[in-house]
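[1] sequence-free structure coming up:
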């Protein structure tokens, strides 16, 4: 078994050897606790037949754990300065391919097709850069990719929003967007002390598993998310006020909006954060015929 990269002493030695300096703009915080990395890998339920997509491998601390537990790892790294380091640290693992590209601009479908031919179980596992956490998650969650799910480290605050339930302050459009496609649970809280350099906030590991089909049936997905977004536009405002202001043509259709809410048994004075996914689905389905010509 290779010696773990993720110890404070070994991490410092690697960084010093290559004269590497952290770029704050890239949100680089490297994990230096092998136990956390083992827990992340275990949470992903990998087998020797699994394929793994990693985002932001850094110096390869998590990458090597993933390589030991799976058939193949493909890692996206935006910082090409890390190329010589990764070539060195990951040399013992022939089942890793690092792609030096911005994952948000990458053709994920093509990468999965070419890199994981014959592999049917694919997970995304990553210690995500804080500054692009949400776009990366949404890219994989909303893209129609053949993945089983995601296990990602992110800010605890974002993890709370992803897993939030209706009626809580963290519940919002992000909760709805992700829980529509995935089941979501916080697997563990990770203190800031296990990173180098230390971030300003604690982190959490979230496990997302793709549903066989979306949690609720909707007439039009784009309109469903538009209704949800409008409902949360100003959290202190009532549902009717947000919908009237947030849906194009809503001001002219206020009476219709009130009528639809009444038919569904949804009080117009409620706030968006109190509605479940099922209620948002019923509302968007009922409003779609009213708004689809003007939205």
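    It's in. Everything quoted here is computed from the prediction, not taken from an experiment. Numbering: from 1, shown residues only.
[2] Tell me where the chain is predicted with low confidence.
    1-2, 293-295 (pLDDT under 70).
[3] Quick one: the strands in it, in order.
    Ranges of strands in the chain, per DSSP state E, are 30-31, 50-55, 72-76, 96-99, 121-127, 149-155, 182-190, 195-196, 203-210.
[4] could those strands go into TSV alongside distance to residue 90 and mean neighbour count?
    Bear in mind the C-beta positions are built from the backbone N, C-alpha and C, glycine included. Shown next, in TSV, are the strands of the chain (distance: least, C-beta to C-beta, whole Å; neighbours: other C-beta atoms under 10 Å):
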stretch	distance to residue 90	mean neighbour count
strand 30-31	14	23
strand 50-55	11	26
strand 72-76	9	24
strand 96-99	5	17
strand 121-127	15	24
strand 149-155	19	24
strand 182-190	23	17
strand 195-196	19	19
strand 203-210	22	22
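[5] Out of those strands, flag the one nearest residue 238.
    Across those, the minimum distance to residue 238, taken as C-beta to C-beta, is reached by strand 182-190, at 27.4 Å.
[6] Report the separation between residue 282 and residue 276.
    Separation of residue 282 from residue 276 (C-beta to C-beta, to the nearest Å): 9 Å.
[7] Compare the two (neighbour count), which wins?
    residue 282 (20 against 16; other C-beta atoms under 10 Å).
[8] wait, isn't that one in contact with residue 263?
    No: in this structure, residue 282 is not within contact of residue 263 by C-beta atoms under 8 Å, at 9.6 Å.
[9] now the residue nearest to residue 280 when sequence neighbours are not counted: how far from residue 62?
    Excluding the flanking residues, the one nearest residue 280 by C-beta to C-beta, 6 or more residues apart in numbering is residue 228, at 5.3 Å. With distances taken as C-beta to C-beta, residue 228 is found 33 Å from residue 62.
[10] ditto for residue 179
    For residue 179, the distance to residue 62 equals 26 Å [C-beta to C-beta].
[11] of these two, who's got more company?
    Set residue 179 next to residue 62 and count neighbours by other C-beta under 10 Å: residue 62 wins out with 27 against 23.
[12] and that one, what does it touch?
    Counting by C-beta atoms under 8 Å, 6 or more residues apart in numbering, residue 62 makes contact with 6, 31, 37, 40-41, 54, 125-127.
[13] and with 10 Å instead?
    By C-beta atoms under 10 Å, 6 or more residues apart in numbering, the contact set of residue 62 is 5-6, 30-31, 36-37, 40-41, 52, 54, 56, 73, 75, 125-127, 153.
[14] same question, residue 53
    Contacts for residue 53 (C-beta under 10 Å, 6+ apart) come out as 66, 72-76, 99, 103, 106, 108, 111-112, 115-116, 122-126, 140, 145, 147, 150.
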